[in-house]
Each structure stands twice: as C-alpha cells, then as structure tokens.
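**Q** sequence first, predicted model second:
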Amino acid sequence: MLVLDAGAFMTVERGDRDVVALIKRERLAGRAPVTNGGVVAQFWRGGSGRQAPVARLLAGVDIAPIDDSLGRRAGMLLARTGRTDAIDAAVVCLAADGDDILTSDPGDLRILAEAAEVHVELIPV
C-alpha cells in the first residue's frame, strides 16, 4: 500500500510528474493510495487553480477519518516518541509492514515508524 502525507499532495500541486506517476502506478495495480483527513486539512485550500490536480488525485485516494481508534493509536505513538505532530503519527499508524510512505518529512516519520515497530519504505518527495 502507498500512504501519502501532506508533502506528497504539495508536490502534485507543484506539478511533480514523478510523484503523479508513482501514484498512478499504484492505482493501476488495483491499490488505492491512502491518507487521513488531517493530511487533507494540511494542504487543502480549494479546488480551483493550482489545486485542481490535487482535487483529481483525491478522487482516487482512500481517506481514513481520524476517529477515536486512530486518534488514540497516534496519541500513544506520540507519547512513546516525545513528538508532537498528531497528523504525522496518524499517517504512520495507517501503514503496515512493507508499505511505502510518500513524505516530505522522512526524518520525523522514521522515528515514528521505528517506535511503532512498522517496517516501511519512506520515499522522500
């Protein structure tokens, strides 16, 4: 599975064709990329102009709600690491062993993934 943080969407907004191609390959393989609603809040400013490609991308992404369960898991992960970014923690909590995470913040996500004991590939964008 491919997990997206806000940085992945921001690179799409800037026209990064490599990231768009990676996401398209995932969808063509029958797997929808995943993110959470907090990530959407970090980058969404409206669906026109520069965000039109992002709006198209969102149509093919599974967006998990930060509900009680995900929120508690993310909070416990923050407690274990001393980190403070709940959205990054929720991104890591969506991932399972063997997943890829597209991120603009591989350093912080690496710390969170190690604490969560999830073995993921962090792909910097």
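**A** Yep, that arrived.
**Q** now do the helix ranked longest in the chain: which elements does it pack against?
**A** Longest helix of the chain, by residue count under DSSP state H: helix 68-81. Packing partners of helix 68-81 (3 or more Cβ pairs under 8 Å, 6 or more residues apart in numbering; DSSP states H and E): helix 86-94, helix 106-116. All C-beta atoms are positioned from the backbone trio N, CA, C, and that covers glycine.
**Q** those helices into JSON lines, with extra columns for mean pLDDT, distance to A59 and mean neighbour count?
**A** As requested, these are exported to JSON lines (pLDDT from 0 to 100; distance: least, Cβ to Cβ, whole Å; neighbours: other Cβ atoms under 10 Å):
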{"stretch": "helix 86-94", "mean pLDDT": "98", "distance to A59": "19", "mean neighbour count": "25"}
{"stretch": "helix 106-116", "mean pLDDT": "97", "distance to A59": "25", "mean neighbour count": "19"}
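**Q** can I get the ones you listed in JSON lines with distance to G60?
**A** Below are the helices and strands packed on helix 68-81 laid out as JSON lines (distance: least, Cβ to Cβ, whole Å):
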{"stretch": "helix 86-94", "distance to G60": "16"}
{"stretch": "helix 106-116", "distance to G60": "22"}
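**Q** how about the longest helix of the chain: buried residues?
**A** For helix 68-81, the neighbour count (16 or more other Cβ atoms under 10 Å) marks 70-71, 73-74, 77-78, 81 as buried.
**Q** pick the one among those closest to V120.
**A** Comparing the buried residues of helix 68-81 against V120 with Cβ to Cβ places L77 closest, at 13.4 Å.
**Q** what does stretch 28-42 rub up against?
**A** With Cβ atoms under 8 Å, 6 or more residues apart in numbering as the test, stretch 28-42 has contacts from 1-6, 8-9, 23, 26-27, 58, 60-66, 70, 86-87, 90-91, 94.
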